[in-house]
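Asks: could you look at this predicted model? Sequence included:
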Amino acid sequence: MPSSTKTRHAPPSEQAPDLSITADDQVYLHAAGYDESPERGLIHSMRRFRSSPLDFIREVSLHVSGTGWRSYDNIVGQPIFYSGFSEEMKAKVLLNNMLVSKVRELASKRVEVEAKEGLLGGEEQVGEKDKRRKRRAQIEESLMEVSETLTDQMICKMESRRFIRGAYYLTTQLLTRAYHQGVHVSSEEVLRLRGVAEKAARDKHSIIFLPCHRSHVDYVSLQIICYRLGLALPTVVAGDNLNFPVVGAFLQHAGAMWIRRSFGEDQLYQTLVQAYIDTLLQNGYNLECFVEGGRSRTGKLLPPKFGILSYMLDSIASGRVDDAIICPVSTQYDKVIEVDSYISELLGQPKPKENLMDFLSASSVLSLKLGRVDVRFHEPWSLRKFINEQQDRFSKLPQKLDLKDERLRLLRTLGYKVLSEINEVSVVMPTALVGTVLLTLRGRGVGKSELIRRVEWLSGRVRAQGGRVAHFASLPTSVVVERALEVLGPGLVGLVPGLPEETFYAVDRFQLSFYRNMTIHLFILQSLVSASMYTKVKLGGGPEFQRISYADLRDQVYFLSQLFRGEFIFPTEGLDVNLASTIASLESDNVIKVTRNPETQAVEFVELSDAERETGRENFDFYCFLIWPFIEAAWLGAISLMMLTPPVAYGGKEATWLDLKKVQDRAQLLGKTLYHQGDLSYFEAVNKETLKNTYQRLEDEGIILVMRSKDSKVSSTIRLADEWVPSRDTKKAGIIAQGPLWMFAERISLSRREGKNRRDGMTVQSRVLNLADIVGRELWEEARVERAGDEEDERAVVAKAKGRGRRKRLEVPAKL
C-alpha cells in the first residue's frame with residue numbers, strides 16, 4: 001500500500017473520528033467518539049409503523065425506489081447486480097479447465113474400474129476401445145450434470161439490485177434496533193479502504209475480507225458497511241448448515257456462497273470449490289471468509305482453519321490469478337447475541353441444528369439494548385507480494401523444503417499473520433473492560449468508585465500495550481461504566497441492595513469470561529511471566545523467599561508458552577526477546593523489582609516490587625487472574641488423562657482404545673466434580689473448547705494417541721502413549737501419583753491459583769486420582785475390543801507420535 005496511507009502521528013484509536021451507521025439509515029461523523037445526546041435522539045426517532053406509519057411507509061418507498069444513495073448505482077468494484085449474472089458465473093465455473101480435466105480424470109478411472117470388473121463385456125479389442133470411449137463420454141456427461149447442480153446450489157446469486165436494497169433496509173433496521181448505539185467504524189480506515197478498493201477495481205483484483213468470527217452478526221455488519229459506503233458487496237463463504245428453507249435462499253441472493261462443512265475425499269466437489277474461487281478472483285469479485293472457521297465460543301480468537309484459505313492461496317500461488325488484496329477485519333460487540341447458547345455448548349450440551357423457527361425467534365433481541373458494534377479494518381496488503389516474500393525467505397533456509405512442507409508453512413504463516421493483524425486493530429469495548437475488572441479482583445464484589453478507577457487503569461494499560469479502546473472521549477468514565485452495566489444486565493452483573501455505596505458482583509462468571517477473553521491477548525506475555533513468578537509467590541514468607549531466579553522464570557515461561565501455543569497468538573520475536581521486553585515493561589510499571597549482575601547487567605532475580613506489595617498485589621494479581629482459568633483448564637486436561645489408565649482387569653493393550661468424545665465428556669464431568677468439591681477454582685475451566693484445545697496439544701506432544709476413522713460416522717478413539725501410562729498399586733489397584741503424566745500435571749499445578757486443600761499433599765493426590773478413577777470407570781465398562789481402523793492404522797498412529805520429536809519440551813521434571 002502507498003506510504004501516504006500509513007499513520008504518522010498518534011494511533012488512529014485515539015485520533016481518528018468515528019463513523020456510525022444508525023437506525024435512521026444515516027452516517028454520522030464523530031470527531032472524538034459519538035455524542036450521546038444526538039445518538040439517543042436518533043434512536044427515539046426511529047420510524048416504526050405503529051407510532052409513525054406515514055414516515056415508515058416513506059422510508060420503505062425510498063429504499064424500494066432507490067432514491068439518492070439508496071440506488072447503489074456507482075459502486076466501487078466489478079458489476080454484479082444484473083439479470084443473468086448467476087448463469088454467467090455458472091457457465092464460467094463449468095468451463096474451468098481444472099474442473100474439465102478432473103471430470104475427464106475421474107471418468108477415465110471409473111472406466112478402468114468397470115473394465116477390470118468385466119462390466120464392459122468381453123468383445124474384441126477394437127470394439128472394447130469404442131465401448132470404453134462411449135462409456136467414458138457417458139460418465140463425463142453425468143459428472144458435468146452433477147457439477148452443474150452442485151454449482152447452482154453453491155454460488156451466490158446477487159442478481160437483483162432491488163432485492164439488495166430491500167435486504168439492506170431490513171437488516172439495517174434489525175441490526176440497529178438490537179444494537180441501539182449503531183455500527184461504528186474508523187473514518188481513516190474507511191477512507192483508506194475505499195482508496196484501495198478503487199485501485200483494486202481498476203486492476204480487476206478482488207478484496208478478500210478476513211474477519212474474526214464471534215457472531216452471525218459479523219457478516220451482516222460488514223455487508224451493511226460495504227453497502228452504505230458504496231463498495232461492491234463481497235461473496236460470503238458460509239457453511240451449508242445455514243442453508244435451510246426460506247432463510248437459505250434469502251442469504252444466497254444477498255451474497256452467501258454455500259459450502260459443505262466437510263469435503264471428505266470428494267475430489268469433484270473439491271475441484272468445483274477451487275474452480276468457483278478461481279472464477280471469483282479472476283474476475284475481481286470481492287470475497288469474505290472467516291479465518292477461524294466457526295464462531296468463537298470463548299470470546300478470544302481461535303486458531304486459524306486452513307480450508308477455504310488454502311483454496312484462495314492456491315489460486316494466487318499457482319499463477320491462475322494475478323493477485324488479490326487481503327483485508328483483516330475485527331468486529332467487536334458490547335454484547336454478543338448468541339453468548340447464552342455458547343455457554344450451553346461449552347458445558348457439553350449438543351449444538352442445536354439451525355432452523356427457521358430459531359432464526360425467527362432472534363426477533364426477540366429487538367427489545368434488548370445490546371449497545372454498539374465496532375468494526376475495524378487493518379491496512380490491506382497484496383497476497384502476491386506476501387507469497388513472494390515468504391518463498392524468498394524459504395529459499396534462504398539451510399534445509400530446503402519440499403513443495404508440501406512449503407505450502408503448509410505458507411498457509412500457517414498466512415493464517416497467523418491475519419489473526420495477529422485482527423488483534424492489532426481490535427477495539428476493547430466497555431463491556432469487556434467492566435467484565436475483565438470484575439473477574440480480576442479478589443473478593444465477592446466491588447464498589448462503584450473502585451470499579452470506575454480500575455476501568456480507567458485498564459483502559460490506560462490497553463493503550464500502553466498498543467491496543468484500542470472504543471471512542472468515548474466526550475463521556476466521563478462513570479457514564480461509560482453505567483452504560484456497560486446496563487448492556488450487560490442483571491443476569492451478568494448484580495447490584496447488592498441497601499448498601500451505602502453501589503456494590504456490584506459477577507452473577508454469571510462463566511458468561512462474563514467471554515468478555516474478559518476479549519482483552520487477554522493484549523496481556524498474555526505479562527500473564528505468563530506473572531503466573532511463572534507465582535510458583536514462588538504462592539509459597540509465602542518474606543520477600544527473600546518469593547523471589548525467582550531468571551533461569552527458573554525462563555524455564556516456567558517456556559513451559560507455559562508451549563502449553564498454550566494453540567490457545568494464544570504470541571509475538572514472533574522469540575522467547576528471550578519477548579521475555580526481556582516483558583520484564584522491562586513490568587519493571588517500568590513498578591510491578592516487579594529486578595536484580596541484575598553488576599558487571600554484565602544480566603537479570604539474575606525477579607520479585608515483586610515494594611510498591612506492588614503495598615497496594616496488595618493488585619496489578620500482579622490482575623495478570624494472574626487473566627491466565628489462571630486457562631492454567632486450570634490445562635491442569636484438568638492433564639488430570640483427566642488419568643482416566644485412561646487401564647484397570648487391572650484389562651491388563652492387555654487391546655482394550656486401551658476408548659471413544660474420544662466420551663472421554664472428553666467424562667473429563668468435563670470430572671472437572672465439574674472437582675470444581676464443586678473445591679479442587680478447581682474456575683468453573684469456566686470446564687468448557688469443551690478449551691478442553692479440546694488441551695487434548696490437541698497433548699496429541700501434538702505424543703502424550704496421547706488419537707486414531708481417526710476415514711468414515712466420519714465412526715468415532716475417533718484415544719489412548720495414552722505407552723511411556724505415559726501411569727502405574728497402579730499392586731495391592732489397592734489405585735493409580736499411583738508417579739510417572740511422567742503425574743509430573744506433567746504437577747508442573748502445570750505450580751502456576752495454579754492457591755485454593756482450598758491445595759497444600760494437603762498426599763490427601764489431594766489420593767482424592768483427585770481416586771475421583772479420576774471413579775469417573776473413568778464407566779469408560780472402561782463400555783469399552784469394546786472392536787475399535788476404529790485396523791492394526792496397520794494403529795501402527796501408523798504410534799509411529800507418527802514417536803516421530804514428532806517435540807515431546808521433550810513438556811517432559812521437564814517438575815521442581816516441587
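Replies: Thanks, I have the structure now.

Asks: poorly predicted segments of the stretch 51-200 of the chain, please.
Replies: 51-52, 55-56, 59, 63-64, 66-69, 121-128 (pLDDT under 70).

Asks: all strands of the stretch 201-350 of the chain, in order?
Replies: Here the stretch 201-350 of the chain has its strands, by DSSP state E, counting those that start in this stretch, at 206-211, 235-239, 256-259, 287-288, 324-333.

Asks: equivalent analysis for the stretch 351-500 of the chain, please.
Replies: For the stretch 351-500 of the chain, applying DSSP E, counting those that start in this stretch gives strands covering 373-377, 381-382, 427-428, 446-447, 468-469, 493-496.

Asks: now for the ones you listed, which one comes closest to Leu528?
Replies: Comparing the strands of the stretch 351-500 of the chain against Leu528 with Cβ to Cβ, the closest turns out to be strand 427-428 (20.0 Å). From N, CA and C alone the C-beta is placed, and that goes for glycine too.

Asks: related to what we said a few turns ago, which one of the strands of the stretch 351-500 of the chain is the most hemmed in?
Replies: strand 373-377 (a mean of 25; mean count of other Cβ atoms under 10 Å).

Asks: got the CA coordinates for it in PDB?
Replies: Only the C-alpha atoms of strand 373-377 are listed here, as PDB (Å, rounded to 0.1, in the frame of the first residue of the first chain):
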ATOM      1  CA  VAL A 373     -20.900  -2.800  17.100                       C
ATOM      2  CA  ASP A 374     -17.300  -1.600  16.300                       C
ATOM      3  CA  VAL A 375     -15.800  -2.700  13.000                       C
ATOM      4  CA  ARG A 376     -12.100  -2.000  12.300                       C
ATOM      5  CA  PHE A 377     -10.200  -2.600   9.100                       C
END
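
Asks: dump the residue contacts of the residue nearest the centre of the chain.
Replies: Computing the C-alpha centroid of the chain and ranking residues by Cα atoms, centre = their mean puts Leu302 first, at 2.4 Å. By Cβ atoms under 8 Å, 6 or more residues apart in numbering, Leu302 lies in contact with His213, Glu292, Gly293, Gly294, Ser296.

Asks: elements contacting whichever strand or helix holds Thr149?
Replies: Assessed by DSSP states H and E, Thr149 sits inside helix 125-154. Judged by 3 or more Cβ pairs under 8 Å, 6 or more residues apart in numbering; DSSP states H and E, helix 125-154 is in contact with helix 85-94, helix 97-116, strand 256-259, helix 267-282.

Asks: of all the ones you listed, which one is nearest Leu674?
Replies: strand 256-259 (40.2 Å).

Asks: quick check: which element contains the closest residue to Arg442 other than its chain neighbours?
Replies: What sits nearest to Arg442 in space, not counting adjacent residues and going by Cβ to Cβ, 6 or more residues apart in numbering, is Asp621, at 6.6 Å. Element membership for Asp621 (DSSP H and E) is helix 618-640.

Asks: got a pLDDT number for the nearest residue to Phe605 once chain neighbours are set aside?
Replies: The shortest distance from Phe605 to any non-neighbouring residue, by Cβ to Cβ, 6+ apart, is to Thr595 (4.1 Å). With respect to pLDDT, Thr595 has a value of 94.

Asks: which residues sit against stretch 523-532?
Replies: Taking Cβ under 8 Å, 6+ apart as the rule, stretch 523-532 contacts 461, 465, 520, 548, 553, 556-557, 560-561, 564, 568, 570-571, 578-579, 581-583, 585-586, 620, 623-624, 626-628, 631, 751.

Asks: report the buried members of the residues you listed.
Replies: 461, 520, 548, 553, 556-557, 560-561, 564, 568, 570, 578-579, 582-583, 585-586, 620, 623-624, 626-628, 631, 751 (16 or more other Cβ atoms under 10 Å).

Asks: just the strands in the stretch 651-800 of the chain please.
Replies: For the stretch 651-800 of the chain, the strands defined by DSSP E, counting those that start in this stretch occupy 658-659, 704-707, 717-720.

Asks: ok, which of these comes nearest Thr149?
Replies: Per Cβ to Cβ, nearest to Thr149 of those: strand 704-707, 35.4 Å.

Asks: distance between that closest one and the chain's centre?
Replies: Here strand 704-707 is found 24 Å from its chain centre; the criterion is Cα atoms, centre = their mean, to the nearest Å.

Asks: for the record, mean pLDDT for that strand?
Replies: Rounded mean pLDDT across strand 704-707 is 92.

Asks: paired strands for it, with orientation please.
Replies: Strand 704-707 has the following sheet partners, assigned by DSSP bridges: strand 717-720 (antiparallel).

Asks: any residues touching the partner strand, and which ones?
Replies: Outside strand 717-720, the residues that touch it by Cβ under 8 Å, 6+ apart are 641, 644-645, 656-660, 663, 695, 703-707, 741, 787-789.

Asks: stretch 85-94 now?
Replies: Outside stretch 85-94, the residues that touch it by Cβ under 8 Å, 6+ apart are 99, 144, 147-148, 151-152, 155, 157-159, 272, 275-276, 279, 283.

Asks: report the buried residues of it.
Replies: Of the residues in stretch 85-94, Phe85, Ser86, Met89, Lys90, Lys92, Val93, Leu94 count as buried by neighbour count, 16+ other Cβ under 10 Å.

Asks: distance to Leu170 added to these, as CSV?
Replies: Shown next, in CSV, are those (distance: Cβ to Cβ, whole Å):
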residue, distance to Leu170
Phe85, 21
Ser86, 21
Met89, 25
Lys90, 27
Lys92, 30
Val93, 29
Leu94, 33
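
Asks: farthest pair within those?
Replies: The span of the buried residues of stretch 85-94, defined through Cβ to Cβ, is set by Phe85 and Leu94 at 15.2 Å.

Asks: what sits against Glu607?
Replies: Contacts of Glu607 (Cβ under 8 Å, 6+ apart): Met533, Pro543, Gln546, Arg547, Ile548, Ile592, Lys593, Thr595.

Asks: now do the contacts for the nearest residue to Cys212 once chain neighbours are set aside.
Replies: In space, and not counting its chain neighbours, Cys212 is closest to Ile422: 5.0 Å by Cβ to Cβ, 6+ apart. Counting by Cβ under 8 Å, 6+ apart, Ile422 touches Leu210, Pro211, Cys212, Val291, Leu301, Pro328, Val329, Ser330, His378.

Asks: try 10 Å this time
Replies: 210-212, 291-292, 301, 328-331, 376, 378, 521, 569 (Cβ atoms under 10 Å, 6 or more residues apart in numbering).

Asks: kindly report the same for Ser478.
Replies: Residues Lys448, Ser449, Leu451, Ile452, Val455, Glu456 are the ones in contact with Ser478 under the rule Cβ under 10 Å, 6+ apart.

Asks: write a ChimeraX command that selects only the buried members of those.
Replies: In ChimeraX, this line selects whichever of the contacts of Ser478 come out buried by 16+ other Cβ under 10 Å:
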select :448,451,452,455,456
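
Asks: which one of the contacts of Ser478 sits closest to Tyr515?
Replies: Checking the contacts of Ser478 against Tyr515 by Cβ to Cβ gives Val455 as the nearest, at 12.7 Å.

Asks: I'd guessed that closest one sits against Leu441; true?
Replies: No: with contact defined as Cβ atoms under 10 Å, Val455 does not reach Leu441; the gap is 11.4 Å.

Asks: quick check: neighbours shared by these two?
Replies: Common neighbours of Val455 and Leu441 are not found (criterion: Cβ under 10 Å, 6+ apart).

Asks: quick one, phi/psi of Glu604?
Replies: phi -110, psi -40 (degrees, to the nearest 10).

Asks: got a list of what it touches?
Replies: Applying Cβ under 10 Å, 6+ apart to Glu604 gives the contacts Arg547, Ser549, Tyr550, Ala551, Val594, Thr595, Arg596, Asn597, Pro598.

Asks: perfect, that will be all.
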